[in-house]
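Q: sharing a model that was predicted from the sequence below.
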Amino acid sequence: MTRPSSPEPLPYSAQGDDPRLTSRAVGQAARAMVLSVSVWVVLVLLAMFVTPIFESIFINFKTELPGFTKLVLSMSRWVGRDYGWLLLAPAFFAIPFALLPVFRAQAAAGRQIRWRLMQRLVYTFTMLIVGAYVLAMVLPMASVIETLYGGR
């Protein structure tokens with residue numbers, strides 16, 4: 001039995017001189033950028049538009065809040081009102097560029113990034129954050145309902 005011959009080496013060095021490798025790595029970084037920015041947008045929209053509604057409800061009904069809800073409210077205030085989103089934005093834009101060497105190494109080795117896995121991880125991470133946010137905002141609503149109905 002004969003061994004299959006190895007593929008022809010690329011005329012470029014494996015250091016990324018090949019324009020095909022560079023464009024593949026940049027394309028992968030662009031996909032990661034879209035995923036990262038979409039997570040950032042969801043978090044900022046929650047902090048800027050949804051949290052103030054819940055906060056006003058909690059203030060109006062003088063509800064005692066759990067520590068996790070207080071933490072989420074203060075973080076949302078920082079992101080939404082104190083322009084914390086401006087400080088967070090560069091981080092979300094920098095993540096894909098920080099991963100660019102990984103993408104280039106994968107491209108040079110002839111492997112594709114497992115995008116389905118990466119997308120699932122990002123979406124799972126996003127859903128966990130949104131789920132924790134929903135729990136932090138909805139659980140104290142039980143005391144608001146108890147206040148409204150007089151503890152019946």
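A: Noted; the coordinates are in hand.
Q: drop to CA atoms for contacts and neighbour counts, all remaining ones
A: OK.
Q: give me the element residue 65 is part of.
A: Counting by DSSP states H and E, no helix or strand carries residue 65.
Q: what sits against the closest residue in space to it that isn't next to it in sequence?
A: Using Cα to Cα, 6 or more residues apart in numbering and skipping residues adjacent in sequence, the residue nearest residue 65 is residue 140, 6.2 Å away. Residues in contact with residue 140, defined by Cα atoms under 8 Å, 6 or more residues apart in numbering, are 63-66, 69.
Q: quick one, which of those residues are buried?
A: With neighbours counted using 16 or more other Cα atoms under 10 Å, the contacts of residue 140 contain these buried positions: 65, 69.
Q: looking at the contacts of residue 140, spot the one nearest residue 46.
A: Taking Cα to Cα as the measure, residue 46 sits nearest to residue 69 out of the contacts of residue 140, at 13.9 Å.
Q: skip the chain neighbours and tell me the closest residue to the closest one.
A: Here the residue nearest residue 69, using Cα to Cα, 6+ apart, is residue 136, at 4.7 Å.
Q: just the CA coordinates of the helix or strand harbouring the one you found, formatted as PDB?
A: Residue 136 is part of helix 115-138 when elements are defined by DSSP H and E. The C-alpha trace of helix 115-138 is given here as PDB (Å, rounded to 0.1, in the frame of the first residue of the first chain):
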ATOM      1  CA  TRP A 115     -17.900  28.600  13.500                       C
ATOM      2  CA  ARG A 116     -21.000  26.600  14.600                       C
ATOM      3  CA  LEU A 117     -19.300  25.900  17.900                       C
ATOM      4  CA  MET A 118     -18.100  29.400  18.300                       C
ATOM      5  CA  GLN A 119     -21.600  30.800  17.500                       C
ATOM      6  CA  ARG A 120     -23.200  28.400  19.900                       C
ATOM      7  CA  LEU A 121     -20.800  29.500  22.700                       C
ATOM      8  CA  VAL A 122     -21.400  33.200  22.000                       C
ATOM      9  CA  TYR A 123     -25.200  32.700  21.900                       C
ATOM     10  CA  THR A 124     -25.100  30.600  25.000                       C
ATOM     11  CA  PHE A 125     -23.000  33.200  26.800                       C
ATOM     12  CA  THR A 126     -25.500  35.900  25.700                       C
ATOM     13  CA  MET A 127     -28.500  33.900  26.800                       C
ATOM     14  CA  LEU A 128     -26.900  33.200  30.200                       C
ATOM     15  CA  ILE A 129     -26.300  36.900  30.700                       C
ATOM     16  CA  VAL A 130     -29.800  37.900  29.500                       C
ATOM     17  CA  GLY A 131     -31.300  35.100  31.700                       C
ATOM     18  CA  ALA A 132     -29.400  36.300  34.800                       C
ATOM     19  CA  TYR A 133     -30.600  39.800  34.000                       C
ATOM     20  CA  VAL A 134     -34.200  38.700  33.600                       C
ATOM     21  CA  LEU A 135     -34.000  36.800  36.900                       C
ATOM     22  CA  ALA A 136     -32.500  39.800  38.700                       C
ATOM     23  CA  MET A 137     -35.400  42.000  37.400                       C
ATOM     24  CA  VAL A 138     -38.300  39.600  37.700                       C
END
